[in-house]
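1. quick one: sequence plus predicted model below, questions after.
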Amino acid sequence: MKKYFLLLLMAPFLFACNRSGSGSGGEQPDPPSTDDDVIVENPDQVFVRSNVYDMAADDPIILGYQKAITQMQSLPADDPTSWSYQAAIHGTYATPAQPVWNQCQHGSFFFISWHRMYLYYFERIVRKYSENPDWALPYWNYSTTETRSLPAVFRNNNGNNPLYIPQRSAAMNNGAGLANWVVALDCLDLIPFTGTFTPGESFGGSTINGPQHFFNGYGGLESIPHNQVHNSIGGWMSDPNTAAQDPIFWLHHSNIDRLANVWLGLGQGRAWPNNATWLNEEFPFYDEDGNEVRLTGAQIVNSATQLGYRYDTDEATLAEQPLLAAADAPETQGADENKMQSDREQEGKTTVAQSQVKETAFTATPLSVALEMPEAGQRTLRKSTVEDEGDQQGTYLTVEGVKFDEMPNQSVGVFLNVPEGETPDFNSIHLVDVITFFGIGHHAHHMEDGARFVFRIDDTMAALAKAGIDVSNLQVTFALSNGVVLEGETTTKATEPTGNPRFSQVTIEVF
């Protein structure tokens, strides 16, 4: 399952990035950098972040985390090192807002770097309150068959365990596991980091000209596994304004940060964006002494030599290869020229098929959408699948007008050409991608026209054709799932969603 995903949080159709890339929009304070410019080899000690599944309940790392949480939760709410204040840096409903609250970066190429900075200072704070000078933030690697359930110590409701909270999916707290597709790592195949035609074709997301709490360009890593793991754990984790209150949040994001290092270690052009905006933008945080501090992208490209930590899975070759993209790569470019280029490419867009405009609810029963495909659309589709257009053309499926009244507790699988009478399978070649609602709950249901999701479907069509399935006509099917597999079961089971999620139209285009 390839992840080609774009979420637009504004009604107008706007691509913030494109295939060929362009310059960093707006004023460029400095030219693109090189590794030598930004890597400072100066760590006093390199802490090793390890897999929580390799730790017993009495491991010093677990005991230290429990002790620190208890200490942080006892601090005054206005103490920047308190548990509630640290969580509010990511997001909060509390008012009035205090300094550095509601700062998380989602839906752009700042997503990975901002969260790396956030975890770095949180780790230092926990190390202080754990009173363990060797404490390092563990990660939860949920992408192996044996580690899909919440770590046992986070499910232990003994009345005195700060790692357990009831504000999660009851099933997850009772030992259920994450489904295969929730923790798929197709994102590791995506190159480059940014600067692609749609953000979902990149690893790191959309190039933008400055920080935005939520933007419209989710990269592959942020889409799956990041967003879907949040949704599946549920409760506080399903909402950016409460997510960081859950102790498992930090282990989830430690794993996301680890996957960034895994991606870099694969080489073959994988690198951080050599983009002046990404490199030089400062983000504020608080250190373990409550002092306001700031970091830039240029200061976090090498976790070991700049921030003094590494993962127990980091490849030795990570330190031997360029960590910044070449100066002429798409990652060096910026949003303004990308938008102009994408506007030009939009002029050649051909509608292949579309449904009637009608507000339709997503329900527990799979829904197949009737598409009108004129002969001209069929010819265009045949041409796009038979002729070698290289990277100059793609086939895209758009789901328009996605709205809801409150945060849905289910995600929506988008499928192509599911045989009649067959239940859509999230692990099958029919799955295009998944609509996840994490990060858009504060926007989409306030938008007059709703949110728009765009998926590139060329790989799905190719896989279907290879399997002997006719793709000369396309049918789109939606199926719901919370991504949770109950103990003793092998697949997820859909239930009626909360929040009345719905859409208005499905369109397939070639451009």
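-> It's in. Numbering: from 1, shown residues only.

2. and the nearest residue to residue 491 once chain neighbours are set aside, what does it touch?
-> Spatial nearest neighbour of residue 491, chain neighbours left out: residue 485 (6.6 Å); criterion: CB to CB, 6 or more residues apart in numbering. For the C-beta atoms, the positions are set from N, CA and C on the backbone; glycine is no exception. Residue 485 sits next to 148, 176, 177, 178, 179, 491, 492 when contact means CB atoms under 8 Å, 6 or more residues apart in numbering.

3. show the buried residues in those residues.
-> Buried members of the contacts of residue 485, counted by 16 or more other CB atoms under 10 Å: 148, 176, 177, 178, 179, 492.

4. from residue 258, how far off is the third one?
-> Translated: residue 177. Taking CB to CB, to the nearest Å as the measure, residue 177 falls 20 Å from residue 258.

5. quick one, what contacts residue 89?
-> Shown in contact with residue 89 (CB under 8 Å, 6+ apart): 100, 101, 102, 103, 104, 118, 244, 285, 286.

6. now secondary structure and distance to residue 310 too, for the residues you listed, in JSON lines please.
-> As requested, those are exported to JSON lines (DSSP: H, G, I helix; E, B strand; the rest coil; distance: CB to CB, whole Å):
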{"residue": "100", "secondary structure": "coil", "distance to residue 310": "27"}
{"residue": "101", "secondary structure": "coil", "distance to residue 310": "30"}
{"residue": "102", "secondary structure": "coil", "distance to residue 310": "30"}
{"residue": "103", "secondary structure": "coil", "distance to residue 310": "25"}
{"residue": "104", "secondary structure": "coil", "distance to residue 310": "24"}
{"residue": "118", "secondary structure": "helix", "distance to residue 310": "18"}
{"residue": "244", "secondary structure": "helix", "distance to residue 310": "23"}
{"residue": "285", "secondary structure": "strand", "distance to residue 310": "21"}
{"residue": "286", "secondary structure": "strand", "distance to residue 310": "24"}
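
7. extract the CA atoms of the strand or helix carrying residue 305 and return them as PDB.
-> Using DSSP states H and E, the element containing residue 305 is helix 303-307. The C-alpha coordinates for helix 303-307 follow below in PDB (Å, rounded to 0.1, in the frame of the first residue of the first chain):
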ATOM      1  CA  SER A 303      20.500  13.800  16.700                       C
ATOM      2  CA  ALA A 304      23.700  12.300  18.000                       C
ATOM      3  CA  THR A 305      26.200  15.000  17.300                       C
ATOM      4  CA  GLN A 306      23.900  18.000  17.900                       C
ATOM      5  CA  LEU A 307      21.400  16.900  20.500                       C
END
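
8. quick one: list the elements packing against it.
-> helix 111-130, strand 309-311 (3 or more CB pairs under 8 Å, 6 or more residues apart in numbering; DSSP states H and E).

9. quick one: residue 367 from residue 223, how far?
-> Taking CB to CB as the criterion, residue 367 is separated from residue 223 by 22 Å.

10. the nearest residue to residue 238 once chain neighbours are set aside - how many residues pack around it?
-> The spatial neighbour of residue 238 that comes closest, neighbours along the chain excluded (CB to CB, 6+ apart), is residue 231 at 5.5 Å. Residue 231 sits with 27 neighbouring residues when counted by other CB atoms under 10 Å.

11. how about residue 180?
-> Applying other CB under 10 Å, we find 18 other residues in the vicinity of residue 180.

12. how about the contacts made by it?
-> Contacts for residue 180 were tallied using CB under 8 Å, 6+ apart; they are 426, 427.

13. if I look at it, how far off is residue 434?
-> Looking at residue 180 against residue 434, where the rule is CB to CB, the gap reads 12 Å.

14. what do these two both touch?
-> Overlap between the contact sets of residue 180 and residue 434, as judged by CB under 8 Å, 6+ apart, is given by residue 426.

15. next, give phi and psi for the residue sitting furthest away from the middle of the chain.
-> Relative to the average C-alpha location in the chain, and by CA atoms, centre = their mean, no residue lies farther out than residue 375, which sits at 37.8 Å. Dihedral angles of residue 375 (phi, psi; degrees, to the nearest 10) stand at phi -60, psi -40.

16. measure it to residue 382 for me?
-> As it turns out, when the distance is counted by CB to CB, residue 375 lies 10 Å from residue 382.

17. check residue 57 too.
-> If you measure residue 57 against residue 382 using CB to CB, the figure is 60 Å.

18. ok, now residue 64?
-> Distance of residue 64 to residue 382, computed by CB to CB: 61 Å.
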